[in-house]
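Engineer: Mind looking at a prediction? Sequence and model below.
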Amino acid sequence: MRRFISILVFLLISLLFAKETFAQDRLSGEIFSTRSQVIAKNGMAATNHPLAGQIALDILKQGGSVVDAAIAANAFLGFADPAMNGPGGDLFAIVWSADDEKLFGLNASGKSAMGLTMDYFREQGISRITAASPHAVTVPGVVDGWFELHEKFGNIGFDAILEPTIRYAREGIAVHPEIADLMDFLERDLIHAYSLPDDFAWEDLGEFSRLYRAEGRFPKTGELFKNPDLADTYEKIASGGRDAFYRGEIGEAIVQHIQNLGGFLSMDDLAAHSSQWVDPISVNYRGVDVWQIPPSTQGISVLQMLNILEGFDLGEYGFGSPEHIHYFTEAKKLAYADLAAYVGDPDFNELPVDEMLSKEYAAERRGLIRSDRVQAYGPGLEMDNHTIYLTVADGDGNMISLIQSNSWLFGSLIVPPGLGFPLQNRGTGFTLQDGHVNTYAPGKRPFHTIIPAFVTKDGEPYISFGLTGGDMQPQGHVQIIMNMIDFGMNIQEASDAPRIRHSGGGTGSTELESGFSYETVRQLMIMGHDVKYGFERFGGFQGILFDGTFYHGGTDSRKDGQAVGF
């Protein structure tokens with residue numbers, strides 16, 4: 001009997017060891033749930049909705065460029081995922097052109113109304129631009145962004161690009177789970193989230209309720225959703241181009257509705273709008289170059305965090321170690337202190353971009369970090385003063401990293417009659433505090449949270465990626481880079497690994513997804529970290545890695561989408 005028990009114990013230990021060994025071999029030494037990355041040669045798309053990815057591949061197979069495919073996917077998501085994005089929002093993109101062998105950056109964000117001034121806010125006693133106010137609506141930049149991208153890199157016409165979404169919007173699609181969850185959140189928490197009065201009723205939102213709450217509620221998972229108004233709008237854009245939106249009847253409908261609500265947006269504001277081609281900014285992190293769109297986006301904070309973290313041997317500490325999480329959160333606090341103080345519209349401010357990205361400045365900031373204790377930090381320089389992401393690649397080596405947003409869920413909740421989409425509330429990125437880098441001014445671009453990312457290696461395209469989630473975006477970008485470069489994960493593992501989210505002023509609090517060990521949590525608490533169990537606030541990743549021959553796709557298990565290729 002004793003011999004039998006000894007053999008049984010040995011077999012159980014062997015089985016557990018074998019299971020542990022398999023898990024560690026498959027996951028680069030880490031133990032968490034993941035799945036295989038997608039590998040293909042001739043084209044790939046990674047999006048947060050399965051049909052968007054299929055549309056992108058169909059466009060590529062028709063001879064469309066990566067830009068054509070990305071626009072088609074983005075247009076579809078404006079229908080299928082309307083809380084997060086649509087033609088009423090803004091857009092940023094980074095494109096790798098194989099012909100030019102270089103990166104191009106596009107800032108397709110809109111400006112504030114020229115007729116709205118700080119004097120108006122003072123006279124009305126308004127101290128903050130609220131989320132559901134017409135004053136929060138800035139010029140929608142996405143449609144102009146589509147046409148700028150298309151003029152430079154497009155192969156097929158807008159009728160073919162928008163046709164899949166026009167058809168789906170008329171016939172309808174099933175609502176996906178994550179999209180239904182967002183709508184359910186608003187159903188439960190809209191008054192609190194938007195600071196609406198206690199006597200608010202859904203009917204007060206007029207066209208919004210008619211469009212998205214036709215049955216007296218938001219649609220649920222698996223129910224049919226149609227939007228023929230948006231189909232009509234896309235048909236007008238396909239036939240009339242950008243002028244149909246910025247100088248024609250679409251723009252007129254937007255302006256009339258905003259002015260009826262007491263806003264100041266005008267046809268002159270729309271007609272004067274143009275996107276900006278910009279040079280992406282970068283730092284080198286352990287042999288790879290990481291690229292971001294320059295301010296007025298928060299992408300510079302990604303680069304600052306990486307510069308600071310480069311001074312720590314994260315690979316030696318290991319994923320999920322107390323040192324990994326501690327140094328990450330301290331670098332985040334240092335970078336975000338600078339972000340709040342120095343980043344705004346460069347047309348209105350002299351921004352210290354070069355100094356913020358220098359290795360010398362990173363070393364100075366890194367020197368403030370204690371290895372054994374959390375700290376609070378201020379900005380380091382002297383100075384006067386909700387979202388979708390997708391990426392597409394083709395067989396010729398072209399890649400696009402594209403992000404687009406309404407800002408808040410459904411933006412301002414303002415839907416001009418007959419257009420089929422809400423208008424963004426990006427104006428909440430302004431402050432009404434005098435002398436701040438993001439103080440409101442007419443014709444000014446607000447501070448932007450949405451950031452596409454790109455990585456090159458030895459001057460060649462390597463990774464196109466992004467991550468949604470407001471101020472989680474820079475934190476998520478850095479964690480993806482650490483997971484792949486420091487901890488040796490593939491692109492799908494890097495997406496599925498449990499994430500960290502630091503928030504709050506002072507030393508703040510550190511939210512951790514499940515998957516980090518108790519020993520790590522205990523050590524972090526000893527070091528002074530306010531550790532919390534986190535959920536729902538860790539963003540959504542999509543990414544494509546190019547190894548020189550094949551594309552490797554990863555997509556976030558926290559979202560409904562997939563990476564697809566051919």
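Structural biologist: Received, thanks. Note that the structure is predicted; figures quoted are calculated from it, not measured.
Engineer: Ramachandran coordinates for F465?
Structural biologist: Note on F465: backbone dihedrals following degrees, to the nearest 10 are phi -160, psi 170.
Engineer: Bridged to it, which residues?
Structural biologist: Counting by DSSP bridges, F465 forms beta bridges with A453, G543.
Engineer: That one reaches G543, doesn't it?
Structural biologist: Yes - between F465 and G543 there is a contact at 3.3 Å, judged by CB atoms under 8 Å. C-beta: built from backbone N, CA, C; applies to glycine.
Engineer: Could you chop this structure up by domain?
Structural biologist: Residue ranges for the structural domains of the chain, counted by automatic domain parsing, are given in the record as 47-112+138-276+409-422, 279-387+450-565.
Engineer: Tabulate those (CSV), appending mean neighbour count, mean pLDDT and distance to T439.
Structural biologist: CSV is the format used below for the domains of the chain (neighbours: other CB atoms under 10 Å; pLDDT from 0 to 100; distance: least, CB to CB, whole Å):
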stretch, mean neighbour count, mean pLDDT, distance to T439
domain 47-112+138-276+409-422, 20, 96, 11
domain 279-387+450-565, 20, 94, 8
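Engineer: out of the ones you listed, which comes closest to V38?
Structural biologist: Closest approach to V38 among the domains of the chain is made by domain 279-387+450-565 (4.0 Å; CB to CB).
Engineer: Next, name the residue at the spatial heart of this structure.
Structural biologist: Nearest residue to the geometric centre of the chain (CA atoms, centre = their mean): T468, 3.0 Å.
Engineer: For that residue, grab phi and psi.
Structural biologist: Backbone dihedrals for T468, given as degrees, to the nearest 10, come out at phi -90, psi 170.
Engineer: ok, now I94?
Structural biologist: Here is the backbone geometry of I94 (degrees, to the nearest 10): phi -120, psi 130.
Engineer: how far away is it from G105?
Structural biologist: The spacing between I94 and G105, counted by CB to CB, to the nearest Å, is 5 Å.
Engineer: got the contact list for the helix or strand S301 falls within?
Structural biologist: Following DSSP states H and E, the helix or strand that holds S301 is helix 299-309. Outside helix 299-309, the residues that touch it by CB atoms under 8 Å, 6 or more residues apart in numbering are 281-283, 285, 290, 292-294, 327-328, 331-332, 334-336, 338-339, 343, 353, 356-357, 359, 361-362, 365-366, 369, 451, 453, 474-475, 477-478, 481-482.
Engineer: what separates it from the chain centre, distance-wise?
Structural biologist: On the basis of CA atoms, centre = their mean, to the nearest Å, helix 299-309 sits 17 Å off its chain's mean C-alpha point.
Engineer: Also stretch 465-483?
Structural biologist: The chain centroid and the centroid of stretch 465-483 are separated by 8 Å under CA atoms, centre = their mean.
Engineer: For F225, list the residues it contacts.
Structural biologist: Contacts here follow CB under 8 Å, 6+ apart; on that basis F225 touches 80, 172-175, 219.
Engineer: ok, what's across the strand from it?
Structural biologist: As for beta bridges, F225 partners with I173 under DSSP bridges.
Engineer: ok, now how distant is it from N438?
Structural biologist: 36 Å.
Engineer: cool, L103 as well?
Structural biologist: Shown here: L103 relative to N438, a distance of 27 Å by CB to CB.
Engineer: Ok, E350 next?
Structural biologist: Counting by CB to CB, the gap from E350 to N438 is 14 Å.
Engineer: Tell me, how many residues neighbour R426?
Structural biologist: A count of neighbours around R426, defined by other CB atoms under 10 Å, yields 31.
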